[in-house]
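Novice: One predicted model, sequence on top.
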Amino acid sequence: MMVLKKLIFGVGVSTAALLAFSMTAEAKRARCFSTDDGYYPCNYRSIDDAGSFRISAPGYPSYVLEIDGPGFAYGFVNLGSRNVPLPGQFVRSRDDGACWNNPQTNTKLCAW
């Protein structure tokens, strides 16, 4: 009986972990802004536990911000079949935590 309880518990924990992983990988509807494209509806997808994310929308480039450390990230834009690194480093906005600013290029990327 004890072995069966442990087996059921193990299956339950595995199922919960699988559900949690699939939920973080699921795209969510959002409103995005980029300096080049303005405001537009988009899909937001978390990439990892550090807070890295990808935003995409039909007719717009896809952007990826990979968190390098708390409040700092590097960006990429997908142009067709390749990811192109964006110059400089992005810094999380103090005014709006959904926005990231690049002081070197004066660009901004947000997802609400």
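Specialist: Done, it's in.
Novice: where does the residue lying closest to residue 85 once chain neighbours are set aside sit relative to residue 68, distance-wise?
Specialist: Once flanking residues are discounted, residue 85 sits nearest to residue 76: 5.5 Å by C-beta to C-beta, 6 or more residues apart in numbering. C-beta: built from backbone N, CA, C; applies to glycine. To residue 68, residue 76 is 13 Å away according to C-beta to C-beta, to the nearest Å.
Novice: okay, those two: which has more neighbours?
Specialist: residue 76 (17 against 13; other C-beta atoms under 10 Å).
Novice: show me the contacts for the more buried one.
Specialist: 63-64, 66, 83-86 (C-beta atoms under 8 Å, 6 or more residues apart in numbering).
Novice: With pLDDT as new columns, can those residues be given to me in JSON lines?
Specialist: Listed next are those as JSON lines, based on pLDDT from 0 to 100:
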{"residue": "63", "pLDDT": "97"}
{"residue": "64", "pLDDT": "97"}
{"residue": "66", "pLDDT": "98"}
{"residue": "83", "pLDDT": "89"}
{"residue": "84", "pLDDT": "95"}
{"residue": "85", "pLDDT": "97"}
{"residue": "86", "pLDDT": "96"}
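Novice: Show me just the buried residues among these.
Specialist: 63-64, 66, 86 (16 or more other C-beta atoms under 10 Å).
Novice: between those residues, which is closest to residue 53?
Specialist: Among the buried ones among the contacts of residue 76, residue 64 lies closest to residue 53 (C-beta to C-beta), at 7.4 Å.
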